[in-house]
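In: For reference, the sequence and a predicted model appear below.
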Amino acid sequence: MLNEEKVRYMTELAIFEKKEGKRIFPVNRYFKKDYVGGHMFRSFFGYTFCYILFLAMWILYELDEFMGGVALEEILAWGKKWGIAYVVGLAVYLLITWRVYSVRYEYAARAQGMYVSRLKHLLSRYGREKKKKSKETRGGKSR
């Protein structure tokens, strides 16, 4: 006979695993520092690539001014502005990346802990049921 509570519990675990599995299981293969650091590394290159593309577009847009003759001091001033904008933007972007992926890691760690505790609870229910059945079987043989 099926234990309805056990079936319900197993169904809840399967639904949880289906819904949240893609988000929580890959995260827990890493330590927090490695997980967040890897995403910050990717964010650094993504931001830098986008910044270079944006800078190239701006240069192409202002090409007529460059071709008309620009003083060296003016080019250095633009370089300084663009360099400061890059560093400040990168710092803000990496700070946001660090915060987002730290929160995601913590959420996944809590969800994984909850999933494991539910699995342990289910296993303990199986263990109790097996002990009950073995006692009944022993009791039935001795009669």
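Out: Yes, it's here. Note that the structure is predicted; figures quoted are calculated from it, not measured. Numbering: from 1, shown residues only.

In: Could you check how far residue 115 is from residue 121?
Out: 11 Å (CB to CB, to the nearest Å). The way it works is simple: take the backbone N, C-alpha and C, and place the C-beta from them, glycine included.

In: Between those two, which has more neighbouring residues?
Out: Using other CB atoms under 10 Å, the more surrounded residue of residue 115 and residue 121 is residue 115, with 18 against 11.

In: Relative to residue 61, how far out is residue 112?
Out: Per CB to CB, residue 112 is found 49 Å from residue 61.

In: neighbour count winner among the two?
Out: Taking neighbours as other CB under 10 Å, residue 112 and residue 61 compare with residue 112 leading, 15 against 9.

In: doesn't residue 25 make contact with the more buried one?
Out: Yes - shown here, residue 112 and residue 25 form a contact pair, counting by CB atoms under 8 Å, at 7.5 Å.

In: Show me what the longest helix anywhere in the chain packs onto, helices and strands only.
Out: Criterion DSSP state H: the longest helix present in the chain is helix 72-142. Based on contacts counted as 3 or more CB pairs under 8 Å, 6 or more residues apart in numbering; DSSP states H and E, the elements that helix 72-142 packs against are helix 4-24, helix 32-61.

In: Okay, now the unreliable bits of this protein?
Out: Scanning the chain with the threshold set as pLDDT under 70 gives 1-2, 129-143.

In: The same query, at a cut-off of 90, please.
Out: Scanning the chain for pLDDT under 90 picks out 1-32, 59, 62-72, 74-75, 78, 107-143.

In: Report the contact partners of residue 81.
Out: For residue 81, the contact set (CB atoms under 8 Å, 6 or more residues apart in numbering) is empty.

In: how much space between the residue nearest the centre of the chain and residue 58?
Out: Among the residues of the chain, the one closest to the centroid is residue 104, at 4.9 Å (CA atoms, centre = their mean). From residue 104 across to residue 58, the span is 34 Å (CB to CB).
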